[in-house]
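> build me a model:
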Amino acid sequence: MGKIKGFKEFDRIEENYISVNKRLKNYNEFTIAPNEKELNNQASRCMDCGVPFCHSGCPLGNLIPDFNDLVYKNKWKEALEILHSTNNFPEFTGRLCPAPCESSCVLGIIESPVSIEMIEKNIVERGFKEKWIVPKLPHKKTDKKIAIIGSGPTGLAAAQQLNSVGHSVTVFERDNKIGGLLRYGIPDFKLEKKIIDRRLNILVKEGITFKCNTNIGKDITIHELEKNFDAILLCIGASRKRSLDIPGNNIFGVEQAMDFLTHNNKYVDNQIDKHLDRFNAKGKNVIVIGGGDTGSDCIGTSNRHGAKSIVNFELAPKPPINRSNENPWPHWPFTLKTSSSHEEGVERKWSILTKRFIADSKNNLCGLETVNVEIDHEKKKIIEIPNSLKTWNCDLAILALGFTGPENIIPANSNLEINSKGNIKSNFSFQTKKNNIFTAGDCRRGQSLIVWAISEGREAAYHIDKYLMGSSDLPQKSITGDL
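Okay, the predicted model is just below:
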């Protein structure tokens, strides 16, 4: 590395935020980027460790020390080339990834880890600003046609990889715009949709065909796709929502998080004129059930609506501030995470179980009942604490409980299988039982991170290219095993 002792000279910094009062007035991104010198210094903190564990921490295998060194030396264009060699969409991961690479950073053993995600984001933003990121047309065309079902990060990554080696790629999307959960599940204050459209414009110019408002199984069948394409890649995500099977779950005011977020994103995009009352948190007592990223997004959105109060329930106990002995480096740290949405205003409650929803005389939600719990991990059992029942005022309950698997678009006579986890079964080559049909992303591995989605798309592209051509020059990270 260019500055061997940079980590001893500079403390970690992160992007600053616009004040809460200002950012709650709109849905725009609110981060403030460091200046170039600060970014050079942050990149110099990469410590030339003997084994860069950040590589193994990153599902994409990003060459992190390499682009850090280039940023330190102010060679931004070269850093962008290194970053793009493993990551098709660093503008997405630089905003949305929880950065497992930073959790694996060797410097993190003794100090704060290198600000890898911030550096990554600023590399790609510099690339767009300087107009270094331009369409790259394939050097040759093959006669192979590939259908990709789903336009989330998995489908988009696979499409760009396969198009780059000359195949004709068509991406089918059931929604009216491309992007999947990037567009309709992630709030604009985390990812403004112009960021998606900016990259989409490049993909279109590279030659990829996109077809929206096309629902597989209704508008076109898999069997019809098989007749017209040499290979099919299923990237349909894991959008089957997990419900809460308790009394009152059908009361008006009990909503799924993804319905709530999708409605809001369409409102922000001017696809709808005003909020439906069921999805409007203004003036309401809101309780978000589920403590993950989706729950956090619902909190940030409710704050922007002008909710009267917001409470967040989590079934698990409150995580520790620091790693426990059972959770050593370089594993992902199961520690307390406080998002920017949490900082905007919410009351967080742990070890709490919702027992029932309560309706008023018009069958509208007016409250819910909870009990405090302990979790017996050995017996895998939830134990309710005696005399801990509590009733809460609640006008809007948002269920952010994750997903149980992909929606069923697979016809019974297709010879495809679902595994024990409810996902589409595939072998180590991402092939289903039908050799010409592949699967990747959340519908293959279950609900996961955006960085895994892109990795899966790239890996599936390698195997599809090899299947069609006998060999492939596309990069492979060797994700193996039957799923």
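> helix/strand/coil for Lys8?
Following DSSP: H, G, I helix; E, B strand; the rest coil, we place Lys8 in the helix state.
> was I right about Ala159 contacting Val171?
Yes: Ala159 is within contact range of Val171, at 5.3 Å (criterion: C-beta atoms under 8 Å). C-betas here are computed from N, CA, C, even on glycine.
> who has more neighbours, those two?
The residue with more neighbours, out of Ala159 and Val171 and counting by other C-beta atoms under 10 Å, is Ala159; that gives 28 against 25.
> now that one: which helix or strand?
Taking DSSP states H and E as the criterion, Ala159 maps to helix 153-164.
> likewise for Ile146?
Judged by DSSP H and E, Ile146 forms part of strand 145-149.
> quickly run through the sheet partners of that strand, with directions.
According to DSSP bridges, strand 145-149 forms sheet pairs with strand 168-172 (parallel), strand 231-234 (parallel).
> can I get those strands in a markdown table with mean pLDDT and distance to Arg348?
Written out in a markdown table, the entries for those read as follows (pLDDT from 0 to 100; distance: least, C-beta to C-beta, whole Å):
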| stretch | mean pLDDT | distance to Arg348 |
| --- | --- | --- |
| strand 168-172 | 98 | 39 |
| strand 231-234 | 97 | 37 |
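> skipping adjacent residues, who's closest to Lys177 in space?
Counting by C-beta to C-beta, 6 or more residues apart in numbering, Arg183 is the residue found nearest to Lys177 once chain neighbours are left out, at 5.7 Å.
> which helices and strands sit right next to the host helix or strand of that neighbour?
Under the criterion DSSP H and E, the helix or strand holding Arg183 is helix 181-184. Contact analysis of helix 181-184 by 3 or more C-beta pairs under 8 Å, 6 or more residues apart in numbering; DSSP states H and E lists helix 193-206, helix 257-268 as its packing neighbours.
> any stretches of the stretch 201-350 of the chain with poor pLDDT?
Under the criterion of pLDDT under 70, none of the stretch 201-350 of the chain is flagged as low confidence.
> hmm, back to that, would you format the helices and strands packed on helix 181-184 as JSON lines with mean neighbour count and distance to Ala231 included?
Rendered in JSON lines, the data for the helices and strands packed on helix 181-184 read as follows (neighbours: other C-beta atoms under 10 Å; distance: least, C-beta to C-beta, whole Å):
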{"stretch": "helix 193-206", "mean neighbour count": "16", "distance to Ala231": "19"}
{"stretch": "helix 257-268", "mean neighbour count": "20", "distance to Ala231": "30"}
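> leaving out sequence neighbours, find the closest residue to Asn419.
Excluding the flanking residues, the one nearest Asn419 by C-beta to C-beta, 6+ apart is Lys425, at 4.3 Å.
> the one you found touches Ile418, doesn't it?
Yes: when contacts are counted by C-beta under 8 Å, Lys425 is listed as touching Ile418 (6.3 Å).
> show me which of those two is the more surrounded one.
Applying other C-beta under 10 Å to Lys425 and Ile418 shows that Lys425 carries more neighbours, namely 17 against 14.
> all the helices of the stretch 1-150 of the chain, in order from the start?
The residue ranges that make up the helices of the stretch 1-150 of the chain, judged by DSSP state H, counting those that start in this stretch, are 6-9, 20-23, 36-43, 53-57, 64-72, 76-84, 90-96, 100-103, 116-129.
> can you say which of those is nearest to Lys144?
Ranking the helices of the stretch 1-150 of the chain by proximity to Lys144 (C-beta to C-beta) places helix 76-84 first, at 24.1 Å.
> quick one: distance of the closest one to the chain centre.
With C-alpha atoms, centre = their mean, to the nearest Å as the basis, helix 76-84 stands 23 Å off its chain's centre.
> list the buried ones in it?
Counting neighbours by 16 or more other C-beta atoms under 10 Å, one finds that the buried residues in helix 76-84 are Trp76, Ala79, Leu80, Glu81, Ile82, Leu83, His84.
> packing partners of that helix?
With contacts taken as 3+ C-beta pairs under 8 Å, 6+ apart, helix 76-84 sits against helix 64-72, helix 116-129.
> got the ones you listed as TSV, with mean neighbour count, mean pLDDT and distance to Gly470 columns?
Formatted as TSV, these follow (neighbours: other C-beta atoms under 10 Å; pLDDT from 0 to 100; distance: least, C-beta to C-beta, whole Å):
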stretch	mean neighbour count	mean pLDDT	distance to Gly470
helix 64-72	24	97	32
helix 116-129	22	98	34
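> between those, which gets nearest to Asn250?
Comparing those by their distance to Asn250 (C-beta to C-beta), the top pick is helix 116-129, with 40.5 Å.
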